[in-house]
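Chemist: Quick check, what structure comes out for this input:
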Amino acid sequence: MSTETCCCGCCSVGQGTLAIGIFNIVGCILFIIFNSLAVNLMVIHPDQITDPAFYENPSRYITLGYVHISFSAIYFLLACLLVHGCHKRNHRFILPWLYWNYVSLLLIAVGMTAFFISLAISGEIGGGLILLGVYAAFFGIQMYLVFVVKHFVDELVVEDLCTARV
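Modeler: Numbering: from 1, shown residues only. Next up is the predicted model:
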């Protein structure tokens, strides 16, 4: 077991990876519940929606709600694999979560850039800079979490190689 730490030096990379997995599971459950309630409201009681843009194309909002729920369910399963991989100390269970997050980081970067450019073109530079700052903070945190998990995976791979040679 490595003595290297993460999370401001308060725990090992294995414990940090486990905490990341647990927080992801809790976040996914909350996100699925919230989006399910929102989609339910859009389908059952569309008259209670106060956003005027909803009435222009309600099917778009409902479809996006279902897409968010589906991605959250996939992410929930991957977070469960992450926790299981930490518990069993098997990097093969952790890798799907890691690959999913590599793709997510790429999509966040592309989305962040496209959104900022669209706001800049429409003349809303101030709002664009604020959103760019929020996206950059989220991107930085997500990147740090991915690096913690990647470091733990590297540690497990070395551990597997050492036990395979014995």
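Chemist: Surely Thr17 touches Leu82?
Modeler: Yes. Using Cβ atoms under 8 Å, Thr17 is in contact with Leu82, at 7.0 Å. The C-beta positions use only the backbone N, C-alpha and C, and glycine is treated the same way.
Chemist: Any chance you could list residues touching both of those two?
Modeler: Residues touching both Thr17 and Leu82 (Cβ atoms under 8 Å, 6 or more residues apart in numbering): 94, 149.
Chemist: I'd like to know which elements the host helix or strand of Leu37 is packed against.
Modeler: Using DSSP states H and E, Leu37 maps to helix 13-44. The contact analysis (3 or more Cβ pairs under 8 Å, 6 or more residues apart in numbering; DSSP states H and E) places helix 13-44 against strand 5-6, helix 58-88, helix 91-121, helix 125-165.
Chemist: taking the mean pLDDT, what do you get for the first one?
Modeler: Okay, so that is strand 5-6. Strand 5-6 comes out with an average pLDDT of 66.
Chemist: and what of the third one?
Modeler: For helix 91-121, the mean per-residue pLDDT is 90.
Chemist: Give me the buried stretch members for that helix, please.
Modeler: Under the neighbour-count criterion of 16 or more other Cβ atoms under 10 Å, helix 91-121 has 91, 93-95, 97-98, 100-101, 108, 112, 116, 119 buried.
Chemist: burial measure for Cys28, as a count.
Modeler: Using other Cβ atoms under 10 Å, Cys28 has 20 neighbouring residues.
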